[in-house]
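Participant: Compute the structure for the input listed below.
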Amino acid sequence: MQLAPGSRRLADPGDQRGFPFGLNSLESQLVARTLTGEQLALEAGSSVDVVDRLVQIGVLKPGSFDRFLPGDIIRVEAVQAFVDSGLSLDQIASASGQGLFTFEFLDALYSERAPLSGHTYEEFKRSIGRIAPRLPAIYAAMGLPEPEAAALLRTDEEEILTEFLAVWSESSDEEAFTRAARLVGEPARIVSYGWVELYYESVLGGHDRTDLPLAELIEAMARTGPRTTALLPKMLTWLQQRHLQSAIDQANFEAIEQRLARHGLAPPIPDRPAAMAFVDISGYTHMTIQRGDQLAVRFSERLREAALEVARQHGGRLVKLLGDGAMLHFRDPEDGVRGTIELVRMFANADFSLHVGVHAGPMIERDGDYFGQTVNLASRVSSTAGAGEIKVTQAVVAATEGSGVRYEAVGPAVLKGLEPIELFRVMA
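Facilitator: All right, here's what the predicted structure looks like:
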């Protein structure tokens with residue numbers, strides 16, 4: 001990071017060093033933490049000269065014994081970014097003095113920075129040995145820039161990376177590191193950017209809000225911003241735990257079902273088993289790329305409303321939305337087939353089309369969700385259907401015999417992890 005002429009950088013982080021590599025508890029490090037001017041400059045990637053100047057113009061307001069709070073790191077980082085872009089500190093002081101902008105509440109919008117570990121990124125890479133060459137790909141998969149070799153890592157980043165590398169080193173899959181990083185990185189990026197964009201659009205009234213008097217903008221941001229940004233990580237943690245529980249349930253129940261089946265203990269299939277239907281938006285990924293996430297979200301909302309109505313009319317239930325589709329449970333397979341026929345027809349002339357997979361059989365219900373091989377097979381059948389198409393299994397055909405629903409055999413299909421299975425197309 002470039003600094004203004006004459007600025008002074010700290011070459012030695014001093015008492016910030018000394019944390020060992022590995023897992024540390026951040027709790028004791030974050031309690032009542034204050035910083036000297038030199039520590040603040042170091043943690044913000046700036047210089048003591050910049051910190052001193054910001055105190056002079058009132059951007060920074062040190063407390064007792066000229067100590068600063070961790071939130072001041074955010075302010076100095078923001079100023080330094082402007083300095084790096086070519087704006088001088090005098091210009092920043094002039095603009096601040098004229099009331100064009102303020103850094104006063106900036107730190108309230110961010111989570112508190114963890115302390116520096118005292119180790120550079122290069123030192124960290126040396127500490128992990130042969131796994132180090134994987135780090136660039138891991139950072140890229142997470143959607144984050146890889147740190148410079150001389151950059152000091154923060155304790156939370158060092159701890160998370162250490163544990164991440166330890167966990168996925170157990171895998172025999174060479175791509176496990178980047179796959180795992182992408183699984184958490186891409187959703188986190190989409191949610192975070194979307195959350196902030198929604199806040200500016202719906203709470204602050206759009207980016208044209210910057211034309212309002214500064215005092216009004218500050219009041220709105222101070223009143224709503226901290227709560228909005230603080231809610232997201234808490235909500236994500238809660239949701240992640242719920243989804244993780246569901247994923248573990250699914251894996252466990254499927255494994256148990258398979259073991260029971262191998263020993264002839266699979267539950268018998270009733271004459272009229274319940275049905276599971278997976279309804280997906282055709283070309284959803286291409287749609288988001290070509291037409292934007294916002295339009296895709298609106299399509300998902302339209303699907304949700306239609307699925308709720310169809311489920312209500314046909315004795316079913318919308319179990320959950322799945323990003324680009326929906327999962328519906330029907331007590332009777334015929335209701336499931338007729339309901340999905342109606343759902344597909346509802347979007348025949350829409351901007352997008354649906355494709356559906358239906359299977360019938362015993363299912364495990366827990367906390368309102370459904371698990372087991374019947375559910376998994378329905379999902380995989382859906383993946384074989386084309387736009388506007390409904391495909392079902394032999395179990396559905398047998399359970400709806402005499403209902404008047406017509407089917408066309410499409411031959412055996414090879415589904416992931418299964419033997420070839422006969423599928424049928426609904427002739428609506």
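Participant: hey, let's count contacts and neighbours off CA atoms from now on
Facilitator: Will do.
Participant: quick one: average confidence on the longest helix along the chain?
Facilitator: When the chain is parsed with DSSP state H, its longest helix is helix 214-262. Taken as a whole, helix 214-262 has an average pLDDT of 82.
Participant: Against which helices or strands is that helix packed?
Facilitator: Applying 3 or more C-alpha pairs under 8 Å, 6 or more residues apart in numbering; DSSP states H and E, one finds that helix 214-262 makes contact with strand 369-371.
Participant: what packs against the helix or strand containing residue 140?
Facilitator: Under the criterion of DSSP states H and E, residue 140 resides in helix 135-142. Where contact means 3+ C-alpha pairs under 8 Å, 6+ apart, helix 135-142 is packed against helix 176-198.
Participant: at 10 Å instead, please
Facilitator: helix 155-168, helix 176-198 (3 or more C-alpha pairs under 10 Å, 6 or more residues apart in numbering; DSSP states H and E).
Participant: Relative to residue 107, which of those is closest?
Facilitator: helix 176-198 (15.2 Å; C-alpha to C-alpha).
Participant: that older thread, buried residues in the helix holding residue 140?
Facilitator: By neighbour count with 16 or more other C-alpha atoms under 10 Å, helix 135-142 contains the buried residues 135, 137, 138, 139, 141, 142.
Participant: any chance of these in a markdown table, plus distance to residue 231?
Facilitator: Output for the buried residues of helix 135-142, formatted as a markdown table (distance: C-alpha to C-alpha, whole Å):
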| residue | distance to residue 231 |
| --- | --- |
| 135 | 30 |
| 137 | 30 |
| 138 | 27 |
| 139 | 25 |
| 141 | 25 |
| 142 | 22 |
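Participant: Adding pLDDT and distance to residue 307, write these out as a markdown table.
Facilitator: Below are the buried residues of helix 135-142 laid out as a markdown table (pLDDT from 0 to 100; distance: C-alpha to C-alpha, whole Å):
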| residue | pLDDT | distance to residue 307 |
| --- | --- | --- |
| 135 | 94 | 43 |
| 137 | 92 | 40 |
| 138 | 93 | 38 |
| 139 | 92 | 39 |
| 141 | 91 | 34 |
| 142 | 90 | 34 |
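Participant: could you give the angle of the longest helix of the chain to helix 176-198?
Facilitator: 140 degrees (axes from the mean of the first three to the mean of the last three C-alpha atoms, to 10 degrees).
Participant: Could you list the low-pLDDT ranges of this protein?
Facilitator: Under the criterion pLDDT under 70, the flagged ranges of the chain are 1-32, 206-215, 217, 269, 271, 283-297.
Participant: which residues of it fall in strands?
Facilitator: Using DSSP state E, the strands found in the chain span residues 116-120, 152-154, 275-281, 316-321, 325-330, 354-360, 364-366, 369-371, 390-393, 407-413, 421-426.
Participant: Neighbouring strands - and their directions - for the fifth one?
Facilitator: Think strand 325-330. In the sheet, strand 325-330 lines up against strand 275-281 (antiparallel), strand 316-321 (antiparallel) (DSSP bridges).
Participant: Equivalent analysis for the second one, please.
Facilitator: Each strand paired with strand 152-154, and its direction, by DSSP bridges: strand 116-120 (antiparallel).
Participant: Which parts of the partner strand count as buried, going by neighbours?
Facilitator: So for strand 116-120, counting by 16+ other C-alpha under 10 Å, buried means 116, 117, 118, 119, 120.
Participant: same question, stretch 249-268
Facilitator: 249, 250, 253, 254, 257, 258.
Participant: quick one on the thing from earlier: next, format the strands of the chain as a markdown table and append distance to residue 177.
Facilitator: Compiled in a markdown table, those are given as follows (distance: least, C-alpha to C-alpha, whole Å):
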| stretch | distance to residue 177 |
| --- | --- |
| strand 116-120 | 22 |
| strand 152-154 | 20 |
| strand 275-281 | 29 |
| strand 316-321 | 28 |
| strand 325-330 | 28 |
| strand 354-360 | 32 |
| strand 364-366 | 31 |
| strand 369-371 | 28 |
| strand 390-393 | 36 |
| strand 407-413 | 32 |
| strand 421-426 | 34 |
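Participant: For those strands, state which one has the densest average packing.
Facilitator: Greatest average neighbour count among the strands of the chain goes to strand 354-360 (a mean of 30), per mean count of other C-alpha atoms under 10 Å.
Participant: what would the helices and strands packed on helix 135-142 look like in TSV with mean neighbour count and distance to residue 302?
Facilitator: Formatted as TSV, these follow (neighbours: other C-alpha atoms under 10 Å; distance: least, C-alpha to C-alpha, whole Å):
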stretch	mean neighbour count	distance to residue 302
helix 155-168	16	38
helix 176-198	15	19
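Participant: Looking at these, which is nearest to residue 315?
Facilitator: Closest to residue 315 of those is helix 176-198 (C-alpha to C-alpha; 33.7 Å).
Participant: Name the surrounding residues that touch the closest one.
Facilitator: Applying C-alpha atoms under 10 Å, 6 or more residues apart in numbering, the contact partners of helix 176-198 are 131, 134-144, 164-165, 167-171, 173, 199-201, 203-207, 225, 228-229, 232-233, 236, 293-294.
Participant: same thing but 7 Å
Facilitator: Contact partners of helix 176-198, identified using C-alpha atoms under 7 Å, 6 or more residues apart in numbering, comprise 137, 138, 141, 142, 143, 168.
Participant: Quick check: the farthest pair among those residues?
Facilitator: Spatial extent of the contacts of helix 176-198 (C-alpha to C-alpha) is set by the pair 143 and 168 at 18.5 Å.
Participant: what about residue 396, neighbour count?
Facilitator: 26 (other C-alpha atoms under 10 Å).
Participant: For it, give me its contacts.
Facilitator: Going by C-alpha under 7 Å, 6+ apart, residue 396 touches 333, 359, 360.
Participant: Contacts only, for residue 374.
Facilitator: Listed by C-alpha under 7 Å, 6+ apart, the contact set of residue 374 reads 359, 360, 361, 362, 363.
Participant: Now do it against residue 361, distance only.
Facilitator: Noted for residue 374: a distance of 6 Å to residue 361, by C-alpha to C-alpha, to the nearest Å.
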